[in-house]
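A.B. asks: Predicted coordinates and the sequence they were generated for:
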Amino acid sequence: DAGVTQSPTHLIKTRGQHVTLRCSPISGHKSVSWYQQVLGQGPQFIFQYYEKEERGRGNFPDRFSARQFPNYSSELNVNALLLGDSALYLCASSLGPSSYEQYFGPGTRLTVT
Amino acid sequence: GNSVTQMEGPVTLSEEAFLTINCTYTATGYPSLFWYVQYPGEGLQLLLKATKADDKGSNKGFEATYRKETTSFHLEKGSVQVSDSAVYFCALSEDDYKLSFGAGTTVTVRA
């Protein structure tokens, strides 16, 4: 079975632009979480979606938004990009809303210039 | 708020050496504790977990014991292999839907 997939793998944007990152969970998983991993730091929680509803949000500005589709895939959107948004964005899926047994994708490397 | 502090790396060891990575946490309640591993070029993988005090998580020769009195969850392996070279992250979850991670410890095992 395929694991969590994310697209694109790498992305370069300029300040002020908008970006959309995509995630497909493992088949049968209904929960998707997004994390931001800045170089040299651990991942920081951004959002969790379960059954298409936002279940939790981390300490990120309103420029960050996400949604989950009926097939449980998810998009993370970031508006008005800043240099500080450069990071690896990780998607994780799980069967249910519990954080146990979260399966992470390989991430999308976003560079803002 | 919740936070995790883990020992800074990088850590370089020879094969068959003993590995310890220290992890301490701050939480308001009784969190669940995790160790995740990130092998080169791969995504994060759950290595082991413990959900209550005195629980011991174990997997692939790695162990960690949930110590409430010292708010610690140190990772240990008795005899490391080159294939254990990776970045190791300690994490906690208190509200059951988000993980709070430490900064990660890079481990390199030499043959």
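C.D. replies: Noted; the coordinates are in hand. Numbers count the residues shown, from 1 in each chain, chains lettered A, B, ... in the order given.
A.B. asks: Pull the contacting residues for whatever residue of chain B ends up closest to chain A.
C.D. replies: Chain A sits closest to residue B:101 of chain B, with a gap of 3.1 Å, by Cβ to the nearest Cβ. For every residue, glycine as well, the C-beta is placed using N, CA and C. Neighbour list for residue B:101: A:35, A:42, A:43, A:44, B:4, B:36, B:89, B:90, B:91 [criterion: Cβ atoms under 8 Å, 6 or more residues apart in numbering or on different chains].
A.B. asks: mean confidence score for the helix or strand harbouring the last one?
C.D. replies: It stands for residue B:91. Using DSSP states H and E, residue B:91 sits within strand B:86-93. Across strand B:86-93, pLDDT averages out at 95.
A.B. asks: Pairing partners for it, with directions?
C.D. replies: Sheet pairing of strand B:86-93 (DSSP bridges) gives strand B:32-38 (antiparallel), strand B:100-101 (antiparallel), strand B:105-110 (antiparallel).
A.B. asks: Off-centre distance for that strand?
C.D. replies: Centre-to-centre, strand B:86-93 and its host chain are 5 Å apart (Cα atoms, centre = their mean, to the nearest Å).
A.B. asks: how near is the residue in chain A positioned nearest to chain B to residue B:23?
C.D. replies: Minimum separation of chain A from chain B (Cβ to the nearest Cβ) falls at residue A:42, amounting to 3.1 Å. From residue A:42 across to residue B:23, the span is 11 Å (Cβ to Cβ, to the nearest Å).
A.B. asks: which residues are common contacts for these two?
C.D. replies: In contact with both residue A:42 and residue B:23: B:4, B:102, using Cβ under 8 Å, 6+ apart.
A.B. asks: Look at those two and report which has more neighbours.
C.D. replies: Between residue A:42 and residue B:23, counted using other Cβ atoms under 10 Å in any protein chain shown, the more crowded position is residue B:23 (24 against 21).
A.B. asks: ok, how many other residues are close to residue B:102?
C.D. replies: Using other Cβ under 10 Å, residue B:102 has 26 neighbouring residues.
A.B. asks: measure it to residue B:9 for me?
C.D. replies: 11 Å.
A.B. asks: What of residue A:108?
C.D. replies: 25 Å.
A.B. asks: Compare these two and say which is more crowded by neighbours.
C.D. replies: residue A:108 (21 against 15).
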